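Undergrad: pasting the sequence and the predicted model now:
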Amino acid sequence: MTKLSVNINKVALLRNSRKGNLPNLAQVARDCEAFGAQGITVHPRPDQRHVRYQDIPVLRELVTTEFNIEGNPSPEFMELVLANPPHQCTLVPDSPDALTSDQGWDTVTHAAFLKEVVSQLHQQGIRVSIFVDPVERFVEGAKAVGADRIEFYTGTFAAAFENDRKEAVAPHHRCAILANQLDLGINAGHDLNLDNLRFYKQNVPGLAEVSIGHALISDALYFGLKNTIQMYLRQLEA
């Protein structure tokens, strides 16, 4: 079964809109796990508008499933991750002012940089996933720099899903087959939701994990957090 990692950035964004600690990020992480989530994902950005750097040691100690820290491997980010080793670090090439992650790495152009970063993370026993678009040469490039997994950027898939879902998922299907041949694990994330998740899972062979935040937290406003996590898990059972 494909694992569900809940991205709690939007919970932190709500907390940060006021002084204080409501909602309590640590308690939400505990509850997500208690409600069935198989991982917790955070993306600490330089402006700390979401999860803050000071949250990471707390979350690292309390998460009992899989702790996944994602972000652009700046010196500050690397220092944070290496000091608080998660189970998985997902490398994302977003700029400091990016609203959200909207593209993957060119793993060929940035091969030397990524190889060095991957090596540093591996020295701490951290599994490394590289955020990529579903393009064959970028998948091959991720393998070449030593990544353990790739995470497919699924924003373009989600945007095209309603018009032609088969065409939208086709590059992900092709690249998943290649990743399986290369012995690369496969994660996916961005704009996956209750409408498109089951189809994506059914058409991406070897999908190990999805990281979902915005849609899941939005759905929780209507359905409740526990119920929503169970609804997403059911989509992944197919």
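TA: All right, it came through fine.
Undergrad: any buried residues in the helix or strand that contains Arg174, and which?
TA: Using DSSP states H and E, Arg174 falls within helix 165-181. Judged by neighbour count (16 or more other Cβ atoms under 10 Å), helix 165-181 contains these buried residues: Arg165, Ala168, Val169, Pro171, His172, Cys175, Ala176, Leu178, Ala179. For every residue, glycine as well, the C-beta is placed using N, CA and C.
Undergrad: by contact count, what packs against that helix?
TA: With contacts defined as 3 or more Cβ pairs under 8 Å, 6 or more residues apart in numbering; DSSP states H and E, helix 165-181 has these neighbours: helix 136-144, strand 149-153, helix 155-160, strand 185-189, helix 197-203.
Undergrad: is the residue sitting nearest the centre point of the chain in a helix, a strand, or coil?
TA: The centroid of the chain falls nearest to Ser211 when counting by Cα atoms, centre = their mean (4.2 Å). Three states are possible here, and by DSSP: H, G, I helix; E, B strand; the rest coil the one that applies to Ser211 is strand.
Undergrad: how close does the residue lying closest to it once chain neighbours are set aside get to Glu61?
TA: The shortest distance from Ser211 to any residue that is not its chain neighbour, by Cβ to Cβ, 6 or more residues apart in numbering, is 3.8 Å, and that residue is Gly189. From Gly189 across to Glu61, the span is 24 Å (Cβ to Cβ, to the nearest Å).
Undergrad: so these two - more neighbours on which side?
TA: A count of neighbours by other Cβ atoms under 10 Å puts Gly189 above the other of Gly189 and Glu61, at 25 against 11.
Undergrad: let me see the contact set for that one.
TA: When contacts are counted by Cβ atoms under 8 Å, 6 or more residues apart in numbering, Gly189 is found next to Asn7, Thr41, Glu151, Phe152, Tyr153, Thr154, Val210, Ser211, Ile212.
Undergrad: so what pairs up with the last one in the strands?
TA: Translated: Ile212. Note on Ile212: beta-bridge partners by DSSP bridges are Val6.
Undergrad: and for the fourth one?
TA: Following DSSP bridges, Phe152 is listed with bridge partners Val132, Ala188.
Undergrad: what's near enough to touch it?
TA: Taking Cβ under 8 Å, 6+ apart as the criterion, Phe152 is in contact with Gly104, Val132, Asp133, Pro134, His172, Cys175, Ala176, Ile186, Asn187, Ala188, Gly189, Val204.
Undergrad: list the contacts for the fourth one?
TA: Under the criterion of Cβ under 8 Å, 6+ apart, the neighbours of Pro134 are Phe152, Tyr153, Phe157, Pro171, His172, Arg174, Cys175.
Undergrad: phi first, then psi, for Tyr222.
TA: phi -100, psi -40 (degrees, to the nearest 10).
Undergrad: pLDDT wise, what is it at?
TA: Tyr222 is assigned a pLDDT of 98 by the prediction.
Undergrad: so what's the residue count around it?
TA: Applying other Cβ under 10 Å, we find 8 residues neighbouring Tyr222.
Undergrad: again with His110
TA: With neighbours defined by other Cβ under 10 Å, the count for His110 comes to 16.
Undergrad: now it: how far from Phe131?
TA: Using Cβ to Cβ, we find His110 at a distance of 12 Å from Phe131.
Undergrad: what residues do the two have in common as contacts?
TA: Between them, His110 and Phe131 have Pro93 as joint contacts when contacts are counted by Cβ under 8 Å, 6+ apart.
Undergrad: residues contacting the helix holding Arg174, please?
TA: In contact with helix 165-181 (Cβ under 8 Å, 6+ apart) are residues 134-136, 139-140, 150, 152, 154, 156-161, 185-186, 188, 196, 199-200, 203-207.
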